[in-house]
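> Need a 3D model of the following:
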Amino acid sequence: MSNKTLMRPEDLVSKSGLFAGMSAVMAIASMIMILGFVAFTIMDVDYSGEVFSAGKDFIIVTMDWFYVLVVNLVLFFVFWLMLSRFGDVKLGKVDEEPDFSTFSWICMLFSAGLGSGLIYWGVAEPIYHIQDNPFLARSGVEAGSVEAAATAIRVTIFHWGLHGWALYVLVGLSLAYFSYRKGLPLTLRSALYPVLKDKVYGPWGHLIDLLGVFGTIFGLATSLGLGISPIAAGMEKLGWMENTQTNQLILIAVITAMGTASAVSGVGKGVRILSEINVWASLGLLVLFLVLGPTAFILGMTITGAGDYLWNVIPMGFWIDGDPERQWQSWWTIFYWGWWIAWCPFVGLFIARVSKGRTIRQFCLCVLLVPVSVVVLWMGIFGSAAIGVDFFNNGGVIDAVNADYASGVFQTIAGFGYESLITPITILVTVLLVSWFVTSSDSGTLVMCTMLSMGDENPPIKFRLFWGITSGVVAGVLLLAGGLTALQTASIVAGLPIAVMLLFMGYGMVKTLHEDFPVPKVEDKRELEFLNR
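Numbers count the residues shown, from 1 in each chain. Below is the predicted model of the structure:
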């Protein structure tokens, strides 16, 4: 196809009618894709689960080496870029300043990239790993021991640390550079412009953006649907409501309404304000866990686990379990890499949206190292508090997590031994879970609308309403039909083509940066002096 027949970005956006301000082709294709996948999933949940699981099993068993390779290549690329001569290049015009303060910016990074998962997995994952993980046997450490606790903290940090955030850095940096520096639309397709050129405005570009929409709406829907359980569990402990499916649906509706309202208000208001509130409240919760738990033990385990992680992050990153009978790496590490990759389009685009005016070095430093530093503290304090409560207070946290992973954080609170504080801390945790889900919902809605409007940073309000409500409806329908786990598995499968795209994004960034900022020619002064004699 010749370049003359290819459409330009502005040609893809409808100027009038129902889809005014949106790409009609992308909007209709997205709705058909969503309806098709939801219908296929709920018509026969068992069969769809088998189909998606077969795809996931193929990826995590056969393609585990590829996921390991991709995440490590991306991590090394980000560090190279951070230290390279391109570090001072702005993500925008030379004289453009950032839209948000550094604190607001960092808060919004957390709202999209981490959120509620830290609260219940901060307790549950270390508790799982202290009971069993392959690094215990390799080190000759007994499960359930103090040494095993440090290993559990290290493994948990590994799954939430540098490798995952490096993926977000690559996608966010590529989108910010090509949008704010090169003037391309703020959509996933723009990150592959160096490879596809003007073909990004045709079918290939549509397919790339559809993958982004798929990962965003189903990632949000499955996370909300599966994450509603700990919220309902917290409210049941408080005596506010029973943890029934009907009440879970009501909670999904409330969170969806709040998230949609925040998305309608825009990034500069609802998203920013909620993100800042969440960060301050989360820091308060972190301090409570540190002070109320066995403080000396928590500090010791946090420091040990952090040092252990930094010492072992490279060998752990490249480790592939050669035992085909042992499935721990598939269940944990490869699943995590697939989930991080599947969320790349959503989180990367949102981070790009709020990062105009930053330099490449500042972007890499803040998006990679600041969240990972918080992860180290959070997983160290939460995980050590839960383990310490079990060790010293017979808190029953291990039994609670084994029965229901979401109940671990509430069992830990009860295990602190301060009866008068159980209710207020449980309220704080429950409110935080709701609030983090709201910020994930509003940022996800804005990302979808931005992609479907071909990069409009302030898409029409009617579409923010529609797509915000749609994500909640999808979560509710899947919860009713029991198809959340199946569709979560499908999201992991969709991560495979995105992993391939990441490699092309890295290539495109290197190619474009060298073209835009070639190495200056250094003249040999001695040769010039000789010629001028």
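
> Roughly how far does residue 163 sit from residue 67?
The gap separating residue 163 from residue 67 is 10 Å, by CB to CB, to the nearest Å. Placement of C-beta: from N, CA and C, glycine included.

> Common neighbours of those two, please.
Taking CB atoms under 8 Å, 6 or more residues apart in numbering as the contact rule, the neighbours common to residue 163 and residue 67 are residue 337.

> Go ahead and name everything in contact with stretch 93-111.
So stretch 93-111 is contacted by 90, 180-181, 267-268, 271-272, 274-276, 278-279, 350-351, 354-358, 366-367, 370-371, 374, 436, 439-440, 443 (CB under 8 Å, 6+ apart).

> Repeat the analysis, applying 7 Å as the threshold.
If you take CB atoms under 7 Å, 6 or more residues apart in numbering as the criterion, stretch 93-111 is touched by 90, 271-272, 275-276, 278-279, 351, 354, 356-358, 366-367, 370-371, 439-440, 443.

> Give the rounded mean pLDDT of it.
The pLDDT scores in stretch 93-111 average 82.

> what about that stretch, distance to the chain center?
Its chain's C-alpha centre and that of stretch 93-111 lie 18 Å apart, by CA atoms, centre = their mean, to the nearest Å.

> Ends of that stretch, what's the gap?
End-to-end distance for stretch 93-111: 27 Å, by CA to CA, to the nearest Å.

> in it, what counts as buried?
Residues of stretch 93-111 classed as buried by neighbour count (16 or more other CB atoms under 10 Å): 98, 99, 100, 104, 105, 106, 107, 108, 109, 110, 111.

> Also stretch 273-282?
274, 275, 276, 278, 279, 281, 282.

> Quick check: next helix or strand after the host helix or strand of the second one?
Mapping residue 275 onto the secondary structure by DSSP states H and E places it in helix 272-292. For helix 272-292, the succeeding helix or strand toward the C-terminus, using DSSP H and E, is helix 295-318.

> Taking helix 272-292 as reference, get the angle to that next one.
120 degrees (axes from the mean of the first three to the mean of the last three CA atoms, to 10 degrees).

> Please state the offset of the next helix or strand after helix 295-318 from the chain centre?
Later in the chain than helix 295-318, the nearest helix or strand by DSSP H and E is helix 328-329. Centre-to-centre, helix 328-329 and its host chain are 21 Å apart (CA atoms, centre = their mean).

> Show me what whichever helix or strand comes after helix 328-329 packs onto, helices and strands only.
Going down the chain from helix 328-329, the next helix or strand is helix 335-353, by DSSP H and E. Judged by 3 or more CB pairs under 7 Å, 6 or more residues apart in numbering; DSSP states H and E, the packing partners of helix 335-353 are helix 45-62, helix 64-83, helix 102-113, helix 162-176, helix 203-237, helix 419-452, helix 484-516.

> by how many degrees do the helix or strand where residue 376 lies and helix 102-113 diverge?
Assigned by DSSP H and E, residue 376 belongs to helix 370-393. With the same axes, to 10 degrees as the basis, helix 370-393 and helix 102-113 are set at 70 degrees to each other.

> Give the next helix or strand downstream of helix 370-393.
With DSSP H and E, the next secondary element past helix 370-393 is helix 397-403.

> Buried ones in that following helix, by neighbour count?
Buried, per 16+ other CB under 10 Å, within helix 397-403: 397, 398, 400, 401.

> from the chain's centre, how far out does the helix or strand following it sit?
Toward the C-terminus, helix 397-403 is succeeded by helix 408-415 as the next helix or strand (DSSP H and E). Distance of helix 408-415 from its chain centroid, counting by CA atoms, centre = their mean, is 26 Å.

> What residues sit buried inside stretch 455-474?
Across stretch 455-474, burial judged by 16+ other CB under 10 Å covers 455-457, 459, 463-474.

> ends of stretch 317-326, how far apart?
18 Å.

> which intervals of this protein have sub-threshold pLDDT?
Counting by pLDDT under 70, the chain has low-confidence residues at 1-11, 112-113, 115, 266-270, 324, 483-484, 487-488, 491, 521-533.

> Could I get the contacting residues of residue 497?
Residue 497 neighbours (CB under 7 Å, 6+ apart): residue 211.

> How many residues are close by the closest residue to residue 284 other than its chain neighbours?
Spatially, and ignoring its direct neighbours in sequence, residue 284 is nearest to residue 428 (7.4 Å; CB to CB, 6 or more residues apart in numbering). Residue 428 has 18 neighbours, counted by other CB atoms under 10 Å.

> how far away is residue 428 from residue 278?
12 Å.

> ok, back up a step: output the helix holding residue 275 as CSV, restricted to C-alpha atoms.
Listed next in CSV are the C-alpha coordinates belonging to helix 272-292 (Å, rounded to 0.1, in the frame of the first residue of the first chain):
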residue,chain,number,x,y,z
ARG,A,272,-4.6,13.7,41.0
ILE,A,273,-6.4,14.5,44.3
LEU,A,274,-7.4,10.8,44.9
SER,A,275,-3.9,9.6,44.2
GLU,A,276,-2.4,12.1,46.7
ILE,A,277,-4.9,11.1,49.4
ASN,A,278,-4.2,7.4,48.8
VAL,A,279,-0.4,7.9,49.1
TRP,A,280,-0.7,9.8,52.4
ALA,A,281,-3.2,7.3,53.9
SER,A,282,-1.1,4.3,52.7
LEU,A,283,2.0,5.8,54.4
GLY,A,284,0.0,6.2,57.6
LEU,A,285,-1.0,2.5,57.4
LEU,A,286,2.6,1.5,56.8
VAL,A,287,3.7,3.3,59.9
LEU,A,288,1.0,1.7,61.9
PHE,A,289,2.1,-1.8,60.8
LEU,A,290,5.7,-0.9,61.7
VAL,A,291,4.9,0.5,65.2
LEU,A,292,2.2,-2.0,66.2
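
> just how off-centre is it within its chain?
Offset of helix 272-292 from its chain centre (CA atoms, centre = their mean): 19 Å.

> List of residues touching that helix?
Residues contacting helix 272-292 (CB under 7 Å, 6+ apart): 100, 104, 107-108, 110-111, 262, 298, 377-378, 381-382, 385, 416, 418, 421, 425, 428-429, 432, 435-436, 438-439.
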